[in-house]
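**Q** Return a 3D structure for these sequence lines:
(chains A and B)
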Amino acid sequence: GQQVMQIPQYQHVQEGEDFTTYCNSSTTLSNIQWYKQRPGGHPVFLIQLVKSGEVKKQKRLTFQFGEAKKNSSLHITATQTTDVGTYFCAPPDNTDKLIFGTGTRLQVFP
Amino acid sequence: DVKVTQSSRYLVKRTGEKVFLECVQDMDHENMFWYRQDPGLGLRLIYFSYDVKMKEKGDIPEGYSVSREKKERFSLILESASTNQTSMYLCASSQPPVWGGMGNEQFFGPGTRLTVL
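**A** Numbers count the residues shown, from 1 in each chain, chains lettered A, B, ... in the order given. This is a model prediction of the structure:
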């Protein structure tokens, strides 16, 4: 079945450093969603990417969908302590249910 | 403001007990989901429902059942709780995509942390 790998599993950065998490699929994706879960919180939708090669920005966050639509990335520029949390990618399967990646936990040291 | 609520934030039960986890959404969404979240394993889908009285198994349905008698309410039932069901349980809802469209975002409840002793 469809598998989604997300790397790295953990990332510790100094405040101000950049951060990137990668999501890789074994199959071509129709679209992909990204979610953020703060410590002790629940996942919250960030964005959806649909087109091949699509790049979307939300302030310091840049989301990218690969040309082959098999991978995606989230890049945070100049991390802040408010960026702490776990970031999940979530493409749909062939019945429109989401398959959540294992997530990347980001820790930011002030 | 959209809202998904879950009946309890924390729950402690004993092995063998029947456990009910309730989820209510006020967005008139047709789709509802139950996930469990464990460290290092991400979110795993237990059951989902596309409509009232309709249910489908997810990836890990063993030991669980669900009920959806009303559109806004989706209940997860642990028939006989076991220690390996100690976990964080998350409920979510979404609107199905329009025909030919992309899936819509899921809205999550705050979660129920269940401990089975």
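
**Q** mind exporting stretch B:109-117 as PDB, just the C-alpha atoms?
**A** Presented in PDB, the C-alpha positions along stretch B:109-117 are these (Å, rounded to 0.1, in the frame of the first residue of the first chain):
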ATOM      1  CA  GLY B 109     -10.600  17.900  18.400                       C
ATOM      2  CA  PRO B 110      -8.300  18.400  21.400                       C
ATOM      3  CA  GLY B 111      -7.800  14.700  21.900                       C
ATOM      4  CA  THR B 112      -8.400  12.300  24.800                       C
ATOM      5  CA  ARG B 113      -5.500  10.800  26.500                       C
ATOM      6  CA  LEU B 114      -6.600   7.300  27.600                       C
ATOM      7  CA  THR B 115      -4.700   5.300  30.200                       C
ATOM      8  CA  VAL B 116      -5.700   1.600  30.700                       C
ATOM      9  CA  LEU B 117      -4.500   0.100  33.900                       C
END
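
**Q** where do the strands sit along the chain?
**A** Chain wasn't specified; assuming chain A. In order along the chain, chain A carries the following strands (DSSP state E): A:4-7, A:10-14, A:19-25, A:32-37, A:44-49, A:55-58, A:61-65, A:71-76, A:85-90, A:104-109.

**Q** ah, I was thinking of chain B
**A** Secondary structure of chain B (DSSP E): strands at B:4-6, B:10-13, B:19-25, B:31-38, B:42-49, B:56-57, B:64-70, B:73-78, B:87-94, B:107-108, B:112-116.

**Q** Turn those strands into JSON lines, including distance to chain A.
**A** For glycine as for every other residue, the C-beta is placed from the backbone atoms N, C-alpha and C. Formatted as JSON lines, those follow (distance: least, Cβ to the nearest Cβ, whole Å):
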{"stretch": "strand B:4-6", "distance to chain A": "9"}
{"stretch": "strand B:10-13", "distance to chain A": "12"}
{"stretch": "strand B:19-25", "distance to chain A": "12"}
{"stretch": "strand B:31-38", "distance to chain A": "8"}
{"stretch": "strand B:42-49", "distance to chain A": "4"}
{"stretch": "strand B:56-57", "distance to chain A": "8"}
{"stretch": "strand B:64-70", "distance to chain A": "14"}
{"stretch": "strand B:73-78", "distance to chain A": "15"}
{"stretch": "strand B:87-94", "distance to chain A": "6"}
{"stretch": "strand B:107-108", "distance to chain A": "4"}
{"stretch": "strand B:112-116", "distance to chain A": "10"}
